[in-house]
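1. Here's my sequence, what's the structure:
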Amino acid sequence: MPPLFRPSLFRCRPIALALLLATAGTPLYATEAALQQPRRLIVDGSLPKAQAQAQILAARRYDTFWSSGDEALAKAALAPGFTDRTPPPGRLPGLPGPLAASRTVRAAIPDIHAEIEQMIVAGDRVVVHLHFTGHFSGRFKDVQGRGQPIDFIATDIYRVVDGRIADNWHIEDNLAFLQQVGAIAQ
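-> Okay, the predicted model is just below:
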């Protein structure tokens, strides 16, 4: 056992040790403070504070997943029975769908970054307006990137249950994306 994890080094309660061991190796950006922050946050004032915070955390985890590719964030954000209500043709259902989509996008745009332009929290819903940027230096379908800039938007509506996203409705500016990668003419 590495020296850091020797129980004799800790003079703490077993639960604190369990917490430390459970979070060991967690990437820095997976901590709440390092998740993507919305530039503008609008929260329905009638929501209980704990509910609003749980919904915001789930959305921030999922949106950070699109920037980082860290599948642990998607798994933490999405409910076990997650349903993509507007899947593109061929997307796998449930959690495997967004995981595969992220891998495909990251293979084409390794430096992809998603900014949360605005987030609206009302009832059991979170609406996010995302702005994606990066450089097409990988491969997308039959097209090889040359480092050209990528810049497109997406809007997602999440239904959050017990602090996890149960349903997602989304619209991406696929036309702009496909034109920028050269998959279709401008």
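2. Contacts only, for residue 129.
-> Contact analysis of residue 129 by CB atoms under 8 Å, 6 or more residues apart in numbering lists 116-119, 153-155. C-beta coordinates here come from the backbone N, C-alpha and C atoms, glycine included.
3. 10 Å instead, please
-> Contact partners of residue 129, counting by CB atoms under 10 Å, 6 or more residues apart in numbering, are 38-40, 115-120, 153-156.
4. Which one of these sits in the busiest neighbourhood?
-> With neighbours taken as other CB atoms under 10 Å, the top of those is residue 119, carrying 25 neighbours.
5. Please tell me how far residue 78 sits from residue 107.
-> From residue 78 across to residue 107, the span is 21 Å (CB to CB, to the nearest Å).
6. and what of residue 72?
-> Using CB to CB, one gets 19 Å for the distance from residue 72 to residue 107.
7. Am I right that residue 156 sits in a strand?
-> Yes - counting by DSSP: H, G, I helix; E, B strand; the rest coil, residue 156 falls inside a strand.
8. So it is in contact with residue 117, correct?
-> No - counting by CB atoms under 10 Å, residue 156 stays clear of residue 117, with 11.7 Å between them.
9. so where do the helices sit in the protein?
-> For the chain, the helices defined by DSSP state H cover 14-23, 49-68, 71-77, 96-108, 174-181.
10. For the nearest residue to residue 172 once chain neighbours are set aside, give the beta-bridge partners.
-> Among residues not flanking residue 172 along the chain, residue 154 sits closest, at 4.2 Å (CB to CB, 6 or more residues apart in numbering). Under DSSP bridges, the beta-bridge partners of residue 154 are residue 130, residue 172.
11. for residue 154, what are its contacts?
-> Residue 154 makes contacts with 63, 66, 114, 128-132, 170-174, 177, as judged by CB under 10 Å, 6+ apart.
12. Going through the residues you listed, which ones are buried?
-> Listed as buried from those are 63, 66, 114, 128-130, 132, 170, 172, 177; burial here means 16 or more other CB atoms under 10 Å.
13. Residue 141: which of these is nearest?
-> residue 177 (11.8 Å; CB to CB).
14. residue contacts, the nearest residue to that closest one once chain neighbours are set aside?
-> Closest residue in space to residue 177, ignoring its immediate chain neighbours: residue 152 at 4.7 Å, by CB to CB, 6+ apart. Residue 152 makes contact with 130-134, 172-180, according to CB under 10 Å, 6+ apart.
15. Pull the most distant pair out of those.
-> Pairwise distances among these were taken by CB to CB; the largest, 18.5 Å, belongs to 130 and 179.
16. Compare residue 78 and residue 107 (neighbour count), which wins?
-> More neighbours surround residue 78 than the other of residue 78 and residue 107, with 26 against 13 (other CB under 10 Å).
17. Fine, thanks again, bye for now.
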